[in-house]
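Colleague: Prediction below, plus the sequence it came from.
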Amino acid sequence: MTDLADKLTHPIFEVISDVSAKLNVETYVVGGFVRDLLLRRPCKDIDFVCVGSGIELAQAAARKIDPRVHVNFFKNFGTAHFNYEDYDLEFVGARKESYNRDSRKPIVEEGTLQDDQNRRDFTINAMAISLGKNNYGELLAPFNGLEDLDNGIIRTPLDPDITFSDDPLRMMRAIRFATQLNFYIEAKTLEAITRNKERIKIISQERITDELNKIILAKKPSTGFRLLEETGLLALILPEMQKLKGVETVDDKSHKDNFYHTLQVLDNITFSTNDLWLRWAAILHDIAKPVTKRFEDGVGWTFHGHEVVGSKWVPRIFKNMKLPLGPEMKFVQKMVYLHLRPIALTKEEISDSALRRLLFEAGDDIDSLMKLCEADITSKNKTKVNRYLQRFENVRQKLKDVEERDSIRNFQPPVSGELIMQTFGIGPSKEVGVIKDKIKEAILDGEIRNDYEEAHAMMLKLGAELGLTIAAK
Ligand code: ATP
Ligand code: MG
């Protein structure tokens, strides 16, 4: 028997144990908390299952802790929940579930602890710790969950075909846990995912995307994407990415496999950012390569304009994935659009005007863009990688110099449209736009400095050229 009493250090467990004894119900800590406790991973969500009413248990526990604690409960589902310190405590009565084919919503009946463990997704998530007075701290792991945890195995407690067909979201969860915990999915379980992949269609996009984002935020997201690809789920949930896979050869010349390249870029960028959106930019940076691919005689494989087409696809992909369509999407779009620009800068003698233009377009996202470009170097040749990284370092330094001199990053035109209209006594018109634009171009090209004096002088000159006269004050 595994005794975990000394691991239940938080006083809440004693409270729940006392209250359960008073109500005469068996109560267990279950699921993710038990798994994470054994893995020594921090976990702020605690799930309690009792053989009886979860709502009554939650209310009695809350009263004992502090009568002011507010308990939320859902009578229909028999669940209750409250926050205590920074913990999220969830209570439910042990239940038995049965499913019909078109929905992942089960028909629920009261059940035993064993019934409750049977309905859980994986053996490592189906362990319970007793809070009973006579066996406090005892681990109940009916499906060898502890062994699977030690061996790093994801496996369903019952027949995996039934488990996945009942609730196909579990296929995403299997791959997500394999990625987050760096575990294997047992062969039978993995095969069942492949067989049941089409069932993913009954799951809401929000839930699928939620799991996918957890994969993307893991330490090594490529693990999850490889599994999604191997099982056939990727083609169903993110077909554009599936299409990156494959190599074509003409005249003995092959291009690289853009799927594996993208995975490498995604893994690379985890070292410089935890930002979900920059990681999404890594996923999508080459997304339009398959449709822009050409074989040109004497040149080889080209993907002209893939950054432009790719950035145009971003809104559609975000909409399909039910990802936010505001600034996050705009950011990803901008990263995809600009991802070749710093590379272009490393190839030529860098002019200040090219640097200014890049700063102007990237604005405050310039650092993210440089991270993406550095992650985009995926050569196997270490010397080559280091040489490229050195060149990027050089670009970074030069960008810094130009920024210090000209403050282009958050460029605001030194003469406003208002001032142009006032000076020449005109209303909003094409001329105002022309003057503003020429001043901006002159600053970016380094013909004039980014200050009021020089911009004002240029405005007067341009006005005269356009036949405008200075208005009387
Ligand atoms: P995380 O909190 O990191 O998402 P978790 O395992 O705690 O991981 P939750 O969604 O919080 O996941 O669920 C808590 C527990 O409920 C799980 O450990 C598992 O036992 C059970 N569970 C959750 N979702 C499902 C599901 N779709 N099918 C079966 N059991 C599930
Ligand atoms: Mg949880």
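Modeller: In hand now; what should we look at? Ligands and ions are numbered 1, 2, ... in the order given.
Colleague: and the helix or strand containing K330, how far from the chain's centre?
Modeller: Remark: K330 resides in helix 327-338, with elements defined by DSSP states H and E. Averaging C-alpha positions (CA atoms, centre = their mean, to the nearest Å) puts helix 327-338 14 Å from its chain's average.
Colleague: same check, this time on stretch 44-59
Modeller: Centre-to-centre, stretch 44-59 and its host chain are 32 Å apart (CA atoms, centre = their mean).
Colleague: what's whichever helix or strand comes after the helix holding K330 packed up against?
Modeller: Next in sequence after helix 327-338, counting helices and strands by DSSP H and E, comes helix 341-347. When contacts are defined as 3 or more CB pairs under 8 Å, 6 or more residues apart in numbering; DSSP states H and E, helix 341-347 sits against helix 352-362, helix 366-375, helix 382-406. In this view, the C-beta of every residue, glycine as well, is placed from N, C-alpha and C.
Colleague: The second one packs against which elements?
Modeller: Helix 366-375 makes packing contacts with helix 258-269, helix 276-284, helix 327-338, helix 341-347, helix 352-362, helix 382-406 when contacts are defined by 3+ CB pairs under 8 Å, 6+ apart.
Colleague: and the residue lying closest to W280 once chain neighbours are set aside, how many neighbours?
Modeller: Leaving aside its chain neighbours, W280 sits nearest to V332 (5.2 Å; criterion: CB to CB, 6 or more residues apart in numbering). Using other CB atoms under 10 Å, V332 has 27 neighbouring residues.
Colleague: circling back: nearest to D148 among the helices and strands packed on helix 341-347 would be which one?
Modeller: For D148, the closest of those is helix 366-375, at 33.9 Å, according to CB to CB.
Colleague: Enumerate the positions of the closest one that are buried.
Modeller: Buried residues in helix 366-375, counted by 16 or more other CB atoms under 10 Å: I366, S368, L369, M370, K371, L372, C373, E374, A375.
Colleague: can you check stretch 2-22 too?
Modeller: Quick answer for stretch 2-22 (16+ other CB under 10 Å): L4, K7, L8, I12, F13, V15, I16, S17, V19, S20.
Colleague: Give me the distance from it to the chain's centre.
Modeller: So, by CA atoms, centre = their mean, the centroid of stretch 2-22 is 36 Å from its chain's centroid.
Colleague: residues in contact with that stretch?
Modeller: 26-27, 29, 37, 46, 48, 50, 57, 60-61, 64-65, 84, 87, 89, 129, 131-133, 136-139, 141, 146 (CB atoms under 8 Å, 6 or more residues apart in numbering).
Colleague: What is the end-to-end distance of that stretch?
Modeller: End-to-end distance for stretch 2-22, by CA to CA, to the nearest Å: 26 Å.
Colleague: What number of residues are in the vicinity of V108?
Modeller: Neighbour tally, V108, other CB under 10 Å: 16.
Colleague: Equivalent analysis for the one 10 residues further on, please.
Modeller: Residue crowding around N118 was assessed by other CB under 10 Å; the count is 17.
Colleague: Show me what from the chain comes close to ligand 1.
Modeller: Contact residues, the chain versus ligand 1 (CB under 6 Å from any ligand atom): G31, G32, D45, D47, R120, D121, N125, D167, L169, R170.
Colleague: Can I get the buried part of the residues you listed as one PyMOL selection?
Modeller: In PyMOL, this line selects whichever of the residues of the chain next to ligand 1 come out buried by 16+ other CB under 10 Å:
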select buried, resi 31+47+120+121+125+167+169+170
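Colleague: show me which of the residues of the chain next to ligand 1 neighbour ligand 2.
Modeller: When contact is defined as CB under 5 Å from the ion, the residues of the chain next to ligand 1 meet ligand 2 at G32, D45.
Colleague: How much space separates T262 from D352?
Modeller: 33 Å (CB to CB, to the nearest Å).
Colleague: More neighbours: which of these two?
Modeller: Neighbours per residue, other CB under 10 Å: of T262 and D352, the larger number sits with T262, 24 against 15.
Colleague: residue ranges with poor pLDDT in the stretch 301-450 of the chain?
Modeller: Residue ranges of the stretch 301-450 of the chain with pLDDT under 70: 348.
Colleague: rerun at 90
Modeller: When residues are selected by pLDDT under 90, those of the stretch 301-450 of the chain lie in 341-358, 360, 363, 379-382, 384-385, 387-388, 390-391, 393-414, 440-441, 443-450.
Colleague: Quick one: name the residues of the chain near ligand 2.
Modeller: For the chain, the residues in contact with ligand 2 (CB under 5 Å from the ion) are G32, D45.
Colleague: Rounded mean pLDDT for stretch 233-242, please.
Modeller: Averaged over stretch 233-242, pLDDT sits at 98.
Colleague: For the stretch 301-450 of the chain, which residue gets nearest to ligand 2?
Modeller: Using CB to the ion, the single residue of the stretch 301-450 of the chain nearest to ligand 2 is K322, 21.6 Å away.
Colleague: Skip the chain neighbours and tell me the closest residue to that residue.
Modeller: Once flanking residues are discounted, K322 sits nearest to Q205: 4.5 Å by CB to CB, 6+ apart.
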